[in-house]
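S.K.: sequence plus the predicted model coming up.
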Amino acid sequence: MNKNWRWLPAGIVPVVIVTAAVSGSAVAEAQPQLPAKTAQELLEFVATSTDDAYSGTVEQSSDLGLPDISMATPPGRTSSSDPTSTALELLTADHTAQVYVDGTEKARVQVLDQLAQRDVVINGNDAWYYDSESNEATHAALPDKDAVKADLEAKLQEKAAEHPELLNLPRTPAEVAEVFLARIDPSTEVQVEGTSRVAGRSAYELVLTPEDDATLIGSISVSVDSETGVPLNVTVLAKGQEEAAFSAGFSAVDFSTPDADVFAFTPPAGATVTEAPTADEVKAELEAKQDLARTPAEAPQQPTVIGEGWSTIVELPAGTAAGLGLDAAAGNAAGMGDIMEIKPGMDPEEVAGAQALLEQALTDVDGGKALQTSLVSVLVTDDGRILAGAVGVDQLVAASRQ
Amino acid sequence: MPADVSLGLTLVVSEITVLFRRLRTWAMIGALALIPILIAVVVRVSSDGSASGRGPAFLDSITQNGLFVSLTALTVAIPLFLPLTIGVVAGDTIAGEANLGTLRYLLVAPAGRVRLLLVKYAGAALFCFVATLTVVVTGAIIGALLFPVGPVTLLSGDTVGIVGYFGRLLLLALYVTVSLLGLSAIGLFISTLTTIPVGAMAATAALAAVSQILGALPQLEWLHPWLFTNYWLGFGDLLRQPIVWNSFADNALLQSGYIAVFGALAYGRFSTKDILS
């Protein structure tokens, strides 16, 4: 008797699974039919979507050509005491976040790490940052509701000076899109390139192409939800790179108002709670630091902007970098210890590890050390200035000499 | 048909009785229970707080709230100890009977080969749940004995009461059990290949290690969603507020895929094999 047919299920089951997996992704890629919109109409559509309430899961991934640091630290565990390595981790690693938005006054972003979580909660006049690993909460009181949005942005920037990791947190795709849409100028070609499906919703594809030879940015595509105008996905392509250099988008989204409980945050018992300084305090503190770092004769300098459009270069004078955790000591050639702020109590092994990573990422160039990624370059000059922009390192070097 | 069902149930009950009458089963459960006890005692004896920020997840929180012992113990047990015990139980299913020479008696009518596979798999699945629950419950008890107990802080910074926390612990045990079902199916298949139970046990436990090593290599990122160990430490998603169900659903789908593939392979092998012992 031939019993070999009994092996049949063992052959069929894997085929069925692979077919289901392949056809599942094919369905997701089918292009929906939508009424045609011009680029201008689509931009206005996006501008009207700021008051919407929604929640969803955001996936962020980047391929910036930086060395992978996930092997250097134990999985899911980065030193939260060291802002530099946190920022590096957020830049190079992939992240998943739960996002809840209710109008402009309530928002919560939860960065989901393995067995850990980082939360940013904004509810009316209060902003909270909570890190489950260190069990530390930071509170910032936001002034007056009238200018909430501007203040909130400013507040986050100020808190970022204290906690640089805040600035790098993956935010909603809508916020990422805003950053790029704000840069549209005559040197940018704006086109609507068909439709797509994002997180099960039909979307228009808005593509921005900088017509600027100097910049590293190839093109930016924004998927705009066809019903609400909320940007669902942002993908940035670097010149000469086929894989997206950066992408942030919803893998699931729900356009119903999130439960109000989500935005209520009370720091848990036992957590270390710090009150973030107000705007004036931060300003005073930064100025004090600058005064210490330079001779009294030197006037405090502001960051200078070189060039315009997509190839803009920002130059930070020596000294201001201290507040960003990049302590480029004024006047001296930048050794690793100068670039990273080493605090007492930090694990020496961790410091050494982070320094090795920085060594690996930074290359020696004429007149300083440079970090070249596929989208952004940073140059730390020997005299302690920092130049950054979406251009090649050679352009930064040229700009530093002017 | 009802007679068939009741016969199947009788067989499952008898399989479970045999499994849990074995000294070896109790020795493994005892060893698993020792993990949270060891963690709690060590933390209690040396609670000078110098090790903050290092060691397995949740270790720092134990001194403030004893209920975290369960979580630390699970984090420690999932990569090595749980798969090891599952490997022993699942690897023994068929090969153990073949080695003892009892397999042919079991296959004398009325117990068919398919039914025997199902009964053996049910026994292994139940062991997964008992093993996980042992770690969680022992952790909660020893934690409550040695440390203060109170409302539990979740990863999102929100707080749940003790009742809500035990609800989540139960969900967590369920999650980990589901995570181990794929490995049990692999063990069942390997067990049909040999008459030497130790070989099947070692191969199953080794596969769990291999899968976790592959999962740690960033160069193989395309492979990660297909590894049965991929969601093993995803149980943290049940400790967020609101609970993130994605990993639970993805994990269940992945494990059922493994059960289908290796169940079919085990059926192909076992139903065509000449039983000589």
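M.R.: Thanks, I have the structure now. Numbers count the residues shown, from 1 in each chain, chains lettered A, B, ... in the order given.

S.K.: chain center to stretch B:5-16, what's the gap?
M.R.: Computed by Cα atoms, centre = their mean, to the nearest Å, the chain-centroid distance of stretch B:5-16 equals 22 Å.

S.K.: er, stretch B:225-242 I mean
M.R.: 14 Å.

S.K.: give me the contact status of that stretch with chain A.
M.R.: Yes: using Cβ under 8 Å from any Cβ of the partner chain, stretch B:225-242 reaches chain A at B:233-234, B:236-237, B:240, B:242. For the C-beta atoms, the positions are set from N, CA and C on the backbone; glycine is no exception.

S.K.: among those residues, which ones are buried?
M.R.: Burial by neighbour count, judged by 16 or more other Cβ atoms under 10 Å in any protein chain shown, picks out B:233-234, B:236-237, B:240 from the residues of stretch B:225-242 next to chain A.

S.K.: and the end-to-end length of stretch A:101-121?
M.R.: Criterion Cα to Cα, to the nearest Å; first-to-last residue distance in stretch A:101-121 is 10 Å.

S.K.: and it with chain B, contact?
M.R.: Yes: Stretch A:101-121 comes into contact with chain B (Cβ under 8 Å from any Cβ), by way of A:110, A:112, A:114-117, A:119.

S.K.: check the average confidence over stretch A:380-400, would you?
M.R.: Stretch A:380-400 shows a mean pLDDT of 83.

S.K.: where does pLDDT dip in the chain?
M.R.: All of this refers to chain A. Along chain A, segments meeting pLDDT under 70 span A:1, A:28-29, A:50-51, A:66-92, A:143-171, A:183, A:278-283, A:285-302, A:318-360.

S.K.: actually, chain B is the one I wanted.
M.R.: Judged by pLDDT under 70, the stretches of chain B that qualify are B:1-3, B:47-54, B:109-111, B:277.

S.K.: from the chain's centroid, how far away is the helix ranked longest in it?
M.R.: Longest helix in chain B, counting residues (DSSP state H): helix B:113-146. For helix B:113-146, the gap between its own C-alpha mean and the chain's C-alpha mean amounts to 7 Å (Cα atoms, centre = their mean).

S.K.: would you list every one of the helices in chain A?
M.R.: A:8-29, A:39-47, A:83-92, A:148-162, A:164-168, A:173-181, A:279-293, A:336-339, A:348-361, A:393-401.

S.K.: and if you look at the stretch 1-150 of chain B?
M.R.: For the stretch 1-150 of chain B, applying DSSP state H, counting those that start in this stretch gives helices covering B:2-21, B:23-45, B:68-77, B:81-100, B:103-107, B:113-146.

S.K.: what about the fifth one, near chain A?
M.R.: It refers to helix B:103-107. No: with Cβ under 8 Å from any Cβ as the criterion, chain A is not reached by helix B:103-107; the gap is at least 14.5 Å.

S.K.: buried set for that helix?
M.R.: For helix B:103-107, a neighbour-count test (16+ other Cβ under 10 Å) marks B:103, B:106 as buried.

S.K.: nearest spatial neighbour of residue 212, skipping sequence neighbours?
M.R.: All of this is about chain A. A:Trp310 (4.5 Å; Cβ to Cβ, 6 or more residues apart in numbering or on different chains).

S.K.: my question was about chain B, not that one.
M.R.: In space, B:Gln212 is closest to B:Thr229, 4.8 Å off (Cβ to Cβ, 6+ apart).

S.K.: residue in the stretch 251-400 of chain A nearest to chain B?
M.R.: Nearest residue of the stretch 251-400 of chain A to chain B: A:Pro268, at 3.8 Å (Cβ to the nearest Cβ).

S.K.: wait, that residue touches B:Gly150, no?
M.R.: No: here A:Pro268 does not reach B:Gly150: they are 10.5 Å apart, not a contact under Cβ atoms under 8 Å.

S.K.: circling back: got the residues of stretch B:225-242 next to chain A as TSV, with secondary structure and distance to A:Asp52 columns?
M.R.: Below are the residues of stretch B:225-242 next to chain A laid out as TSV (DSSP: H, G, I helix; E, B strand; the rest coil; distance: Cβ to Cβ, whole Å):
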residue	secondary structure	distance to A:Asp52
B:Leu233	coil	35
B:Gly234	helix	30
B:Gly236	helix	30
B:Asp237	helix	26
B:Arg240	coil	24
B:Pro242	coil	20
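
S.K.: what's the closest of the residues you listed to A:Asp225?
M.R.: B:Pro242 (22.6 Å; Cβ to Cβ).

S.K.: report the contact partners of the closest residue to the closest one other than its chain neighbours.
M.R.: Leaving out its chain neighbours, the residue that sits closest to B:Pro242 by Cβ to Cβ, 6+ apart is A:Val262, at 6.8 Å. Neighbouring residues of A:Val262 by Cβ atoms under 8 Å, 6 or more residues apart in numbering or on different chains: A:55, A:100, A:108, B:242.

S.K.: cutoff 10 Å now
M.R.: A:55, A:98, A:100, A:102, A:106-108, A:110, A:121, A:123, B:156, B:158, B:241-242 (Cβ atoms under 10 Å, 6 or more residues apart in numbering or on different chains).

S.K.: do you know how far the closest residue to A:Ala245 other than its chain neighbours is from B:Met201?
M.R.: Here the nearest residue to A:Ala245 in space, its sequence neighbours aside, is A:Ala238; by Cβ to Cβ, 6+ apart that works out to 4.2 Å. A:Ala238 is 50 Å from B:Met201, where distance means Cβ to Cβ, to the nearest Å.

S.K.: mind listing what B:Gly167 touches?
M.R.: Contacts of B:Gly167 (Cβ under 10 Å, 6+ apart): B:160-161, B:238.

S.K.: now it: how far from B:Leu265?
M.R.: 37 Å.

S.K.: next: B:Lys120.
M.R.: 15 Å.

S.K.: what of A:Tyr204?
M.R.: 47 Å.

S.K.: just checking, B:Leu169 touches B:Ile141?
M.R.: No: contact criterion Cβ atoms under 10 Å: B:Leu169 and B:Ile141 do not qualify, at 11.9 Å.

S.K.: overlap in contacts, the two.
M.R.: Common contact partners of B:Leu169 and B:Ile141 (Cβ under 10 Å, 6+ apart): B:Ser70.

S.K.: neighbour-wise, which of those two wins?
M.R.: Shown here are B:Leu169 and B:Ile141; by other Cβ atoms under 10 Å in any protein chain shown, B:Leu169 has more neighbours (22 against 17).

S.K.: ok, the more buried one - contacts?
M.R.: If a contact means Cβ under 10 Å, 6+ apart, then B:Leu169 has B:67, B:70-71, B:74, B:133, B:136-137, B:139-140, B:152, B:238-239 as its contacts.

S.K.: try 8 Å
M.R.: B:Leu169 makes contacts with B:70, B:136, B:140, as judged by Cβ under 8 Å, 6+ apart.

S.K.: the first one: neighbouring residues, count only.
M.R.: So the one you mean is B:Ser70. Neighbours around B:Ser70, by other Cβ under 10 Å: 28.

S.K.: tell me who's in contact with the nearest residue to it once chain neighbours are set aside.
M.R.: In this structure, B:Ser70 finds its nearest non-sequential neighbour in B:Gly139, 3.2 Å apart by Cβ to Cβ, 6+ apart. Remark: with contacts taken as Cβ under 8 Å, 6+ apart, B:Gly139 is in contact with B:36, B:39-40, B:69-74.
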